[in-house]
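Peer 1: Here is my input, please return the structure:
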Amino acid sequence: MSPEPSSTPSRMRRLTRRQKIIGGVVAALVVAALALVVVRSLGTETAPGAGGPGGPGGGRRAAATTVGVATAATADVPVTLDALGTVTPAATVTVRPQVSGVLANVYFSEGQMVQKGQVLAQIDPRPFQATLTQAQGQLQQNQAQLASARVTLTRYETLQQQDSIAVQQVDTQRALVQQLEGAVTANRGAVQAAQLNLGFARIVAPASGRIGLRVVDAGNYIAAGDAGGIAVITTVTPIDIEFTVPQAQIGPIQQRAYSGERLQVLALDTTRTQTLDTGVFSTLNNQIDGTTGTVKGKARFPNVSGALFPSQFVNIRMTLETLKDAVTVPSTAVRQNANSSFVWIVGDDSKVSQRTVVTGVATTTTVVVTSGLKAGEKVITEGGDRLTEGALVTVAGQARPHGQGGGQRGQGRADGRGRGQGQNAGQAQGQGR
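Peer 2: Below is the predicted model:
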């Protein structure tokens with residue numbers, strides 16, 4: 001059955017009133033939510049005493065930037081020259097035989113430390129002894145003939161004074177004496193040569209040092225002046241290191257070297273962490289290499305421990321001078337702009353200011369500041385890229401710095417209001433739900 005026509009208008013009127021009630025409730029909730037958002041926004045940005053019109057801050061407070069800070073200090077800074085060097089022996093000598101013969105004996109061990117004049121090997125001496133004996137015999141024979149000729153010359157000169165002999169005969173005898181005197185002189189030279197050769201049969205060390213590997217074994221025939229020799233001796237105590245010096249450093253080095261100052265040089269290993277030996281600067285070469293703009297230098301080391309080995313590559317560090325009481329900062333504190341170097345200074349109020357400085361000697365960790373900075377001032381080492389003049393900073397590992405006067409109290413009230421509003425917002429959201 002169809003409903004009665006009279007009941008339809010009343011039902012429609014009831015639905016319309018219900019919809020109006022629901023719409024009013026929804027509208028009220030929307031207005032309340034908008035009001036809550038506006039209140040929270042105002043409370044965050046303009047808290048009394050911190051950022052509101054009546055507060056002493058007069059505007060929004062910026063958050064502090066966390067940075068790393070170091071204190072400028074004074075220290076004695078050595079000015080050094082670092083370079084790559086090559087260990088070179090003070091002397092390198094190839095032991096070569098001076099006479100030919102069969103190598104009878106070898107008296108050294110490979111790698112042995114030998115002294116100058118020490119016997120290293122022996123060549124068979126018998127041929128040289130025989131030659132010496134022959135030369136000595138010839139000398140004696142000519143000496144006897146010379147003595148006889150001199151006696152005869154004396155007699156002839158006596159007979160000549162008595163006018164009993166011809167002058168020509170006297171002159172002939174005098175010439176014979178002179179001839180025999182020359183022969184005796186030659187015989188003496190032959191004896192000396194034979195004695196030298198006999199001595200050269202004993203091969204001795206021409207210099208002190210470490211002997212290398214043996215080239216020839218006993219029993220082999222060796223020739224005089226053989227290019228390979230029998231061994232090589234290198235003088236390792238003391239020992240030298242050759243290195244290159246930039247031409248810009250020649251003047252300071254020459255000035256100190258010529259004044260008699262001993263420039264200390266350290267020999268470091270390839271990692272620059274271990275000191276192999278300590279020596280002194282010797283000299284510079286007499287010309288600059290035009291292709292590299294450098295000059296070769298040499299330093300001498302005692303090498304008592306034997307840590308330096310010939311042809312070894314090492315790092316050297318030469319101290320040119322020492323800067324007394326120089327102001328130093330970490331290298332990360334110095335920054336560059338278009339015109340100069342500068343550092344960020346942290347004041348007592350935890351605000352930063354930019355300071356132009358003049359830098360000097362730099363190492364891997366520190367920089368010497370020659371102008372623009374005093375010892376005891378705090379400089380920023382980390383986080384400086386985000387700073388502006390007058391910015392507020394917080395030192396890493398310390399409490400956040402507070403503002404002055406009402407600003408501090410205003411910040412506290414702002415934080416409290418924020419927390420309160422957060423609670424109210426939560427309650428409002430709970431009620432909405």
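Peer 1: which other residues reach stretch 122-136?
Peer 2: Applying C-beta atoms under 8 Å, 6 or more residues apart in numbering, the contact partners of stretch 122-136 are 97, 99, 101-105, 107, 187, 190-191, 193-195, 197-198, 200-203, 222. (Glycine included, C-beta is placed from N, CA and C.)
Peer 1: Buried members of these into ChimeraX, please.
Peer 2: A single ChimeraX command suffices to select whichever of those are buried according to 16 or more other C-beta atoms under 10 Å:
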select :97,99,101,103,187,190,191,194,195,197,198,200,201,203,222
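Peer 1: ok, and the closest non-adjacent residue to residue 340?
Peer 2: The shortest distance from residue 340 to any non-neighbouring residue, by C-beta to C-beta, 6 or more residues apart in numbering, is to residue 356 (5.2 Å).
Peer 1: can you give me the mean pLDDT across the top strand by length along the chain?
Peer 2: Longest strand of the chain, by residue count under DSSP state E: strand 73-95. For strand 73-95, mean pLDDT is 91.
Peer 1: residues touching the residue positioned nearest the centre of the chain, list them.
Peer 2: Centroid-nearest residue in the chain: residue 82, 4.0 Å away (criterion: C-alpha atoms, centre = their mean). Going by C-beta under 8 Å, 6+ apart, residue 82 touches 315-317.
Peer 1: Same check on residue 345?
Peer 2: 352-355, 377-380.
Peer 1: How about residue 239?
Peer 2: 87-90, 300-301, 303, 308, 310.
Peer 1: let's go with 6 Å and repeat that
Peer 2: Residues in contact with residue 239, defined by C-beta atoms under 6 Å, 6 or more residues apart in numbering, are 90, 301, 303, 308.
Peer 1: that older thread, and the contacts of stretch 122-136, which of them are in strands?
Peer 2: Short answer: those in strands (DSSP E) are 101-105, 202-203, 222.
Peer 1: just the residues you listed now: which is nearest residue 176?
Peer 2: residue 101 (39.3 Å; C-beta to C-beta).
Peer 1: hey, what's the closest one bridged with?
Peer 2: Each beta-bridge partner of residue 101 is listed here, defined by DSSP bridges: residue 222.
Peer 1: Take the contacts of residue 239 and write them to a markdown table, including neighbour count and distance to residue 260.
Peer 2: Below are those laid out as a markdown table (neighbours: other C-beta atoms under 10 Å; distance: C-beta to C-beta, whole Å):
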| residue | neighbour count | distance to residue 260 |
| --- | --- | --- |
| 90 | 18 | 22 |
| 301 | 26 | 20 |
| 303 | 23 | 24 |
| 308 | 24 | 26 |
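Peer 1: and the closest residue to residue 352 other than its chain neighbours, how many residues sit next to it?
Peer 2: Leaving out its chain neighbours, the residue that sits closest to residue 352 by C-beta to C-beta, 6+ apart is residue 344, at 4.9 Å. By the criterion of other C-beta atoms under 10 Å, residue 344 has 23 neighbours.
Peer 1: again with residue 118
Peer 2: Residue 118 has 14 nearby residues by other C-beta under 10 Å.
Peer 1: now swap in the one 5 residues further on and tell me
Peer 2: By the measure other C-beta under 10 Å, the count of residues near residue 123 is 25.
Peer 1: and the gap between it and residue 224?
Peer 2: Counting by C-beta to C-beta, to the nearest Å, the gap from residue 123 to residue 224 is 10 Å.
Peer 1: what does residue 290 give?
Peer 2: The value you get for residue 290 to residue 224, if C-beta to C-beta is used, is 42 Å.
Peer 1: So for the two, which sits in the more crowded spot?
Peer 2: residue 224 (13 against 7).
Peer 1: Just want the phi and psi numbers for the more buried one.
Peer 2: The phi/psi pair for residue 224 (degrees, to the nearest 10) reads phi -60, psi 130.
Peer 1: my read: it touches residue 96, true?
Peer 2: No: using C-beta atoms under 6 Å, residue 224 makes no contact with residue 96, being 7.9 Å away.
Peer 1: that older thread, columns distance to residue 274 and secondary structure on top of the contacts of residue 239, output as CSV?
Peer 2: As requested, those are exported to CSV (distance: C-beta to C-beta, whole Å; DSSP: H, G, I helix; E, B strand; the rest coil):
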residue, distance to residue 274, secondary structure
90, 23, strand
301, 15, strand
303, 15, coil
308, 12, coil
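Peer 1: Dump these to CSV, plus distance to residue 33.
Peer 2: Shown next, in CSV, are these (distance: C-beta to C-beta, whole Å):
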residue, distance to residue 33
90, 93
301, 85
303, 87
308, 83
